[in-house]
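Structure for the following, please:
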Amino acid sequence: LPPSLRCGGGFGFGGVGGMGGFGGGLGGGRNPAGFSGGPHGVGTIQEVTVNQSLLAPLNLEIDPDIHQVRKDEKEQIKTLNNKFASFIDKVRFLEQQNKVLETKWTLLQDQGQKTNSGKNNLDPLFEAYINNLKRQLANLLNERGRMDGELKNMQDLVEDFKNKYEEEINRRTAAENEFVVLKKDVDAAYMSKVELEAKVDALTDELSFLRALYDAELAQLSAQVSDTAVILSMDNNRDLDLSSIIAEVKAQYEDIANRSRAEAEAWYQTKFEELQATAGKHGDDLRNTKGEIAELNRLIQRIRSEIENTRNQCATLQTAIGDSEERGELALKDARAKMIDLEDALQKAKADMARQLREYQELMNVKLALDIEIATYRKLLEGEESRWGQNPCCRFAPTSSWSPCPSPSFCSNIPFICPPPQAERRGTQPHQLL
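This is a model prediction of the structure:
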């Protein structure tokens with residue numbers, strides 16, 4: 001080519017035969033978009049690689065390295081975004097270069113019109129170069145479309161993560177509601193347990209009181225039975241005011257039950273407020289960490305562990321409640337058995353008392369018969385004394401000892417008046433009664 005077409009060395013071609021790029025011209029030594037000028041005429045664009053693991057289905061199991069995996073995913077997304085931005089910059093740069101080349105082409109056409117000798121040789125070269133640039137532009141547009149599709153996929157993936165995050169929040173809310181319901185059930189069971197324990201204590205105290213009362217009554221009845229050896233006196237009046245004592249004991253236990261109930265309600269209210277405060281705190285934490293996907297997995301793990309611990313605690317409490325109910329039932333059975341034993345002992349004591357009363361009545365009947373017999377003998381003796389007048393044979397003393405008869409042969413015909421000599425020697429008193 002003549003030196004006039006080189007434009008001061010700025011438009012010199014690197015070789016016509018292979019159409020190898022413009023190494024010394026049309027760019028002033030620049031090499032945009034990788035146009036190094038090789039044997040094929042157009043430089044290759046660096047291939048964009050996509051990590052296929054990002055398109056694979058997600059495994060939502062809890063992984064100990066999930067935080068590092070999420071961090072790597074963020075770094076890959078940043079890298080892809082940077083590559084996409086670099087490709088956009090390259091497209092813009094190529095568009096600018098295309099405009100520059102079009103301007104230079106216009107200048108070359110103007111110069112070609114002035115120089116008709118080299119026009120037929122330049123047109124095919126420029127057309128081939130323009131076609132190569134168009135092909136590169138089409139490739140870049142295709143690459144841009146593919147990157148737009150990948151960006152859309154990543155946006156869909158992020159949206160899917162957001163939906164899963166909302167689902168986990170809903171699950172956590174449902175778990176908290178279930179925990180509140182279980183807490184209410186546990187509190188109700190605890191209140192029932194407290195009431196049953198109060199009833200058991202009341203029954204135990206009542207049994208102790210009745211046992212003491214029955215012992216006192218038995219002691220009083222025994223004292224009365226022992227005192228009725230000479231004088232029979234039936235006094236059914238009791239010194240103990242059972243109604244007032246029972247009312248007082250009942251009032252005391254009702255007061256204790258009311259205080260226990262008030263303390264349990266206050267404890268429940270305090271715990272409920274603490275749980276509400278804790279729930280509000282967790283809600284604030286969730287709102288603060290809403291945009292962080294890595295923290296989401298950690299929170300889910302913690303919430304699941306809390307739910308598991310709560311379930312374990314509920315199971316433990318239910319086991320404790322069952323044990324308490326069994327102990328309460330055993331205590332009630334023991335109290336009922338003791339009450340039955342006391343009732344049996346009371347019935348036995350009443351039977352013994354009735355038997356002793358019957359024996360006492362029989363003794364009183366025997367005593368009454370003896371008193372009647374003594375009175376009859378006394379009347380007979382008084383009649384005999386009035387009949388015989390001043391009989392010096394013997395003397396009857398109802399309350400003193402018998403005097404000896406001065407003439408036993410005189411009283412031999414009345415055997416019941418004069419005692420025998422043996423009775424006289426022993427000093428017996430035939431008609432003296434205790």
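
from what I can see residue 98 touches residue 137, true?
Yes: using Cβ atoms under 8 Å, residue 98 makes contact with residue 137 at a distance of 7.2 Å. C-beta: built from backbone N, CA, C; applies to glycine.

Find me the pLDDT at residue 162, would you?
Note for residue 162: predicted pLDDT of 86.

Neighbours of it, how many?
Neighbours of residue 162 under the rule other Cβ atoms under 10 Å: 14.

Just the element for it, please.
helix 119-227 (DSSP states H and E).

got the angle between the helix or strand following that helix and helix 119-227?
Note on helix 119-227: by DSSP H and E, the next helix or strand toward the C-terminus is helix 242-288. Taking axes from the mean of the first three to the mean of the last three Cα atoms, to 10 degrees, one finds helix 242-288 and helix 119-227 inclined to each other by 170 degrees.

The next helix or strand after helix 242-288 vs helix 119-227, what angle?
With elements assigned by DSSP H and E, the helix or strand that comes after helix 242-288 is helix 293-388. Taking the same axes, to 10 degrees, helix 293-388 and helix 119-227 form an angle of 10 degrees between their directions.

who does helix 293-388 touch, helix- and strand-wise?
helix 66-114, helix 119-227 (3 or more Cβ pairs under 8 Å, 6 or more residues apart in numbering; DSSP states H and E).

Would you mind pulling up the elements that the last one packs against?
Right, helix 119-227. helix 66-114, helix 242-288, helix 293-388.

how about the nearest residue to residue 328, chain neighbours excluded?
Spatially, and ignoring its direct neighbours in sequence, residue 328 is nearest to residue 196 (4.9 Å; Cβ to Cβ, 6 or more residues apart in numbering).

Please tell me I have it right and that neighbour contacts residue 326.
No: contact between residue 196 and residue 326 fails when scored by Cβ under 8 Å: they sit 11.4 Å apart.

out of the two, which sits in the busier spot?
residue 196 (17 against 10).

coming back round to it: of all the helices and strands packed on helix 119-227, which one is nearest residue 180?
Among these, helix 242-288 comes nearest to residue 180, with 7.2 Å by Cβ to Cβ.

still on that earlier bit, could I get the helices and strands packed on helix 293-388 as a markdown table with distance to residue 371?
Formatted as a markdown table, these follow (distance: least, Cβ to Cβ, whole Å):
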| stretch | distance to residue 371 |
| --- | --- |
| helix 66-114 | 111 |
| helix 119-227 | 20 |
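
and residue 352, which of those helices is closest to it?
Closest approach to residue 352 among those (Cβ to Cβ): helix 119-227, 9.5 Å.

Report the angle between that closest one and helix 66-114.
Going by the same axes, to 10 degrees, helix 119-227 is angled at 160 degrees with respect to helix 66-114.

Low-confidence regions, the stretch 301-434 of the chain specifically.
Within the stretch 301-434 of the chain, the stretches with pLDDT under 70 are 389-434.

now the stretch 151-300 of the chain
225-242, 282-294, 296.

if we can go back for a sec, I'd like the helices and strands packed on helix 119-227 as a markdown table, with distance to residue 154 appended.
As requested, the helices and strands packed on helix 119-227 are exported to a markdown table (distance: least, Cβ to Cβ, whole Å):
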| stretch | distance to residue 154 |
| --- | --- |
| helix 66-114 | 6 |
| helix 242-288 | 25 |
| helix 293-388 | 13 |
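
quick revisit: nearest approach to residue 303 belongs to which of the helices and strands packed on helix 293-388?
Closest among these, using Cβ to Cβ: helix 119-227, at 5.0 Å.

so residue 307 touches residue 177, yeah?
No: counting by Cβ under 8 Å, residue 307 stays clear of residue 177, with 11.6 Å between them.

And for residue 200, the neighbour number?
Using other Cβ under 10 Å, the number of residues around residue 200 comes to 17.

Double-check it against residue 335; I have them as touching.
Yes: with contact defined as Cβ under 8 Å, residue 200 reaches residue 335; the gap is 7.3 Å.

tell me which residues in stretch 250-270 are buried?
For stretch 250-270, the neighbour count (16 or more other Cβ atoms under 10 Å) marks 253, 257, 264, 268 as buried.

repeat for stretch 338-349
Within stretch 338-349, judged by 16+ other Cβ under 10 Å, the buried ones are residue 349.

so how far is residue 260 from residue 129?
99 Å (Cβ to Cβ, to the nearest Å).

sorry, that was for residue 306
In this structure, residue 306 and residue 260 are 31 Å apart, going by Cβ to Cβ.

cool, and residue 346?
According to Cβ to Cβ, residue 346 and residue 260 sit 32 Å apart.

repeat for residue 272
Distance of residue 272 to residue 260, given as Cβ to Cβ: 18 Å.

cool, and residue 276?
Applying Cβ to Cβ to residue 276 and residue 260 gives a distance of 25 Å.

do residue 250 as well
Residue 250 is 15 Å from residue 260, by Cβ to Cβ.

One more: residue 359?
Going from residue 359 to residue 260 by Cβ to Cβ gives 52 Å.

Equivalent analysis for residue 244, please.
To residue 260, residue 244 is 25 Å away according to Cβ to Cβ.

could I get the buried residues of stretch 250-270 as TSV with distance to residue 71?
Shown next, in TSV, are those (distance: Cβ to Cβ, whole Å):
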residue	distance to residue 71
253	65
257	60
264	50
268	45
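
and which of these is nearest to residue 218?
Ranked by distance to residue 218 (Cβ to Cβ), those are led by residue 253 at 26.1 Å.

The closest one touches residue 205, doesn't it?
Yes: if you go by Cβ under 8 Å, residue 253 and residue 205 touch, sitting 7.3 Å apart.
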